[in-house]
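**Student:** next come a sequence and a model predicted from it.
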Amino acid sequence: MIALSPGMAAYLADAILMLHVGIVAFVVLGQFAVLLGAWCYWAWVRNVWFRLVHVLLMVFVVVQAWLGALCPLTTWEQHLRSLAGQASYRESFIEHWLSRLIFFEAPWWAFVTTYTGFAALVVATWWWVPPGAFPLHRKG
């Protein structure tokens with residue numbers, strides 16, 4: 001195993017946190033972009049690779065939630081924070097940061113329910129706004 005200095009562990013923990021925030025933003029904002037893009041006829045929202053990565057990330061999140069598992073990024077970040085001598089959190093990334101953002105404490109099942117509902121929306125959008133060819137003009 002590679003020994004990390006506390007400073008390097010803290011740096012890597014922050015990098016993982018930024019990556020995690022980016023992934024969450026991609027999933028949440030990507031969903032809004034797909035819905036808005038369908039309405040505005042933006043062809044890029046039907047890109048198969050974008051949509052496949054988007055739906056697979058959300059399915060991964062909801063499966064983890066149902067299994068009661070923390071995200072691997074959360075676990076990795078917490079381990080690095082511990083190596084750096086920093087405090088870490090015990091709950092999921094979203095539960096920890098979202099609860100602080102909106103000053104709302106909720107049990108784990110509330111987050112599982114939210115993840116599940118959002119995943120259902122993402123999967124349903126796959127059929128409402130299917131990836132692939134997009135009409136080049138509005139009908140009607």
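**Tutor:** Great, that's in hand.

**Student:** okay, which residue is most central for the protein?
**Tutor:** residue 24 (3.1 Å; C-alpha atoms, centre = their mean).

**Student:** which SS class is the residue nearest to residue 23 when sequence neighbours are not counted?
**Tutor:** Once flanking residues are discounted, residue 23 sits nearest to residue 57: 6.6 Å by C-beta to C-beta, 6 or more residues apart in numbering. C-betas here are computed from N, CA, C, even on glycine. What DSSP: H, G, I helix; E, B strand; the rest coil gives for residue 57 is helix.

**Student:** report the buried residues of the helix or strand hosting residue 127.
**Tutor:** Using DSSP states H and E, residue 127 sits within helix 108-128. Residues 111-112, 114-115, 118-119, 122, 125 are the ones in helix 108-128 that count as buried (16 or more other C-beta atoms under 10 Å).

**Student:** still on that earlier bit, so who does the residue nearest to residue 23 touch?
**Tutor:** Applying C-beta atoms under 8 Å, 6 or more residues apart in numbering to residue 57 gives the contacts 23, 26-27.

**Student:** now it: how far from residue 73?
**Tutor:** Counting by C-beta to C-beta, to the nearest Å, the gap from residue 57 to residue 73 is 11 Å.

**Student:** one more: residue 61?
**Tutor:** Distance from residue 61 to residue 73, by C-beta to C-beta: 11 Å.

**Student:** who has more neighbours, these two?
**Tutor:** residue 61 (21 against 16; other C-beta atoms under 10 Å).
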